[in-house]
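Asks: What follows is a predicted structure for the sequence shown.
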Amino acid sequence: MKAIWNGKVIAESDETINIEGNQYFPVKAVNKDYLLPSKTQTVCHWKGTASYFDITMDGKTNKDAAWYYPAPSSLADKIQGYIAFWRGVEVIN
């Protein structure tokens, strides 16, 4: 699986986890040079509190386009250490 935005690969891995139609990539497979921490947080009733990253490259920013669960609930503990993407980030096989 690959996550692509603005023509560049942000993440690539054969070890993604699919939950609710979203591919979660292991942190080690994500190019962190493109990620800036965001102050945004949301709560999922079964996964817990999500934190976000902005994706930045070539002078462009995609606000809150990546998210992760730093301390997921026990129901979602398998995605701890994984990051998912949305907001125009193309995820392909």
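Replies: Sure thing, it's come through. Note that the structure is a prediction, hence the values are computed from the model and not measured.

Asks: Show me the beta-bridge partners of residue 18.
Replies: residue 23 (DSSP bridges).

Asks: Report pLDDT for it.
Replies: Looking at residue 18, its pLDDT reads 97.

Asks: Likewise for residue 72?
Replies: Residue 72 is given a pLDDT of 98.

Asks: residues touching it, list them.
Replies: 47-48, 79-80 (CB atoms under 8 Å, 6 or more residues apart in numbering). C-beta coordinates here come from the backbone N, C-alpha and C atoms, glycine included.

Asks: Tell me which residues touch the residue nearest the centre of the chain, please.
Replies: Centroid-nearest residue in the chain, with CA atoms, centre = their mean: residue 84, separated by 2.5 Å. Neighbour list for residue 84: 22-25, 66-68 [criterion: CB under 8 Å, 6+ apart].

Asks: Turn these into a markdown table, including neighbour count, distance to residue 91 and pLDDT.
Replies: A markdown table is the format used below for the contacts of residue 84 (neighbours: other CB atoms under 10 Å; distance: CB to CB, whole Å; pLDDT from 0 to 100):
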| residue | neighbour count | distance to residue 91 | pLDDT |
| --- | --- | --- | --- |
| 22 | 15 | 8 | 97 |
| 23 | 20 | 5 | 98 |
| 24 | 25 | 10 | 98 |
| 25 | 25 | 9 | 98 |
| 66 | 26 | 11 | 98 |
| 67 | 22 | 13 | 98 |
| 68 | 20 | 15 | 98 |
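
Asks: Tell me the one among the residues you listed nearest to residue 8.
Replies: residue 66 (13.6 Å; CB to CB).

Asks: from memory the closest one sits against residue 51, does it?
Replies: No - using CB atoms under 8 Å, residue 66 makes no contact with residue 51, being 9.6 Å away.

Asks: which helices and strands sit right next to the helix or strand where residue 65 lies?
Replies: Here residue 65, judged by DSSP states H and E, is contained in strand 60-68. Judged by 3 or more CB pairs under 8 Å, 6 or more residues apart in numbering; DSSP states H and E, strand 60-68 is in contact with strand 35-44, strand 48-57, strand 82-85.

Asks: Provide the strand pairings for it, with the direction of each partner.
Replies: Checking strand 60-68 against DSSP bridges gives partners strand 48-57 (antiparallel), strand 82-85 (antiparallel).
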